[in-house]
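S.K.: Build me a model from this:
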Amino acid sequence: MNKASLIASAAAATLAGAAFADFTGFSGVASQYNDGITNWQVIDMYANFNTDGTEAVLNVYNAEIGTSDGLGFNHNDLADAQGGSWKPSFSFEVPGVYDPMRDSYVDIGYGVGAAAALNQTALDPNFGTGLGANIPSGAGWFNLTPDNPRYANGGSLHIGHFVWDSSRSDGNELNFFTFTADIGYNEGPGSEVSFGSGSYTWDIPAPGALALLGLGGIVARRRRA
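M.R.: Reported below is the predicted structural model:
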């Protein structure tokens, strides 16, 4: 499946197909990272499936992702001079200069740091330039080489790394970080393509604790590629 057909099939999935339950939703893993100067709040997002290693994520699209204060996310990558990039292929590790732990990026199960140059996650046209602190409404990202499937080994696949200065979320505020998107996946090259939707919300944790709250409305749909 080439880039054009992948984007077209994702767009067509909004209403098509019958219910299918392999995709079980999005989840986040919250952590804090200190770079010696600043405490950073980190959320790693995952797409989850009820199968073990058989589902390959093709794309994430129609995304609505943001922070309640509207300030978006931190970047620390090769595009810092342009406001930072959401492309994971820019997220190299250069001691004292670039640190992937405090860089926000989207992903389809590849790697950053030493593996950044091999990351085949691409941004769809709704992402615009792919630069800046915020993700445009309706943006998406996809595996540029779907013939090299990114399988959800262990039932989940990494789809994004989101970082902000933790001082912004020190107050008593609900729903600071929200993530809603659609997803396309299959069981490898040439197989039937399925689609799903889900959402996740992170609430500011109580002192000394990390809180995770996944909010559903999970819908999965299957159609013939």
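S.K.: List the residues that contact Asn126.
M.R.: Counting by C-beta atoms under 8 Å, 6 or more residues apart in numbering, Asn126 touches Tyr61, Pro136, Gly138, Ala139, Gly140. C-beta coordinates here come from the backbone N, C-alpha and C atoms, glycine included.
S.K.: how far away is the first one from Pro125?
M.R.: When you say that, I think you mean Tyr61. According to C-beta to C-beta, to the nearest Å, Tyr61 stands 11 Å off from Pro125.
S.K.: Over to the fourth one?
M.R.: In this structure, Ala139 lies at 9 Å from Pro125, with C-beta to C-beta as the measure.
S.K.: Likewise for the second one?
M.R.: Between Pro136 and Pro125 the distance is 10 Å, computed by C-beta to C-beta.
S.K.: which of those two has more neighbours?
M.R.: The residue with more neighbours, out of Pro136 and Pro125, is Pro136; 17 against 8, by other C-beta atoms under 10 Å.
S.K.: Tell me how many other residues crowd Ala114.
M.R.: By other C-beta under 10 Å, 10 other residues sit near Ala114.
S.K.: And it, how far from Asn148?
M.R.: Ala114 is 18 Å from Asn148, by C-beta to C-beta.
S.K.: got it, and Gly28?
M.R.: With distances taken as C-beta to C-beta, Gly28 is found 26 Å from Asn148.
S.K.: Specify which residue of the two has the higher count of neighbours.
M.R.: Gly28 (19 against 11).
S.K.: For that one, pull up the helix or strand it's in.
M.R.: Using DSSP states H and E, Gly28 sits within strand 23-34.
S.K.: gap between that strand and the chain center?
M.R.: 10 Å (C-alpha atoms, centre = their mean, to the nearest Å).
S.K.: And for stretch 146-163?
M.R.: On the basis of C-alpha atoms, centre = their mean, stretch 146-163 sits 9 Å off its chain's mean C-alpha point.
S.K.: can you give me the end-to-end distance of that stretch?
M.R.: 28 Å (C-alpha to C-alpha, to the nearest Å).
S.K.: Which of the residues in it are classified as buried?
M.R.: Residues 146, 149-152, 155-163 are the ones in stretch 146-163 that count as buried (16 or more other C-beta atoms under 10 Å).
S.K.: Below-threshold pLDDT in the protein: ranges please.
M.R.: Counting by pLDDT under 70, the chain contains low-confidence ranges at 1-21, 171-173, 204-225.
S.K.: mind listing the strands for this structure?
M.R.: With DSSP state E, the ranges of strands along the chain come out as 18-19, 23-34, 39-49, 56-67, 105-106, 121-123, 139-143, 156-165, 177-186, 193-202, 219-223.
S.K.: Rebuild those strands as JSON lines, extending it with distance to Leu78.
M.R.: Putting those into JSON lines (distance: least, C-beta to C-beta, whole Å) gives the following:
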{"stretch": "strand 18-19", "distance to Leu78": "42"}
{"stretch": "strand 23-34", "distance to Leu78": "20"}
{"stretch": "strand 39-49", "distance to Leu78": "19"}
{"stretch": "strand 56-67", "distance to Leu78": "22"}
{"stretch": "strand 105-106", "distance to Leu78": "11"}
{"stretch": "strand 121-123", "distance to Leu78": "15"}
{"stretch": "strand 139-143", "distance to Leu78": "18"}
{"stretch": "strand 156-165", "distance to Leu78": "16"}
{"stretch": "strand 177-186", "distance to Leu78": "25"}
{"stretch": "strand 193-202", "distance to Leu78": "27"}
{"stretch": "strand 219-223", "distance to Leu78": "36"}
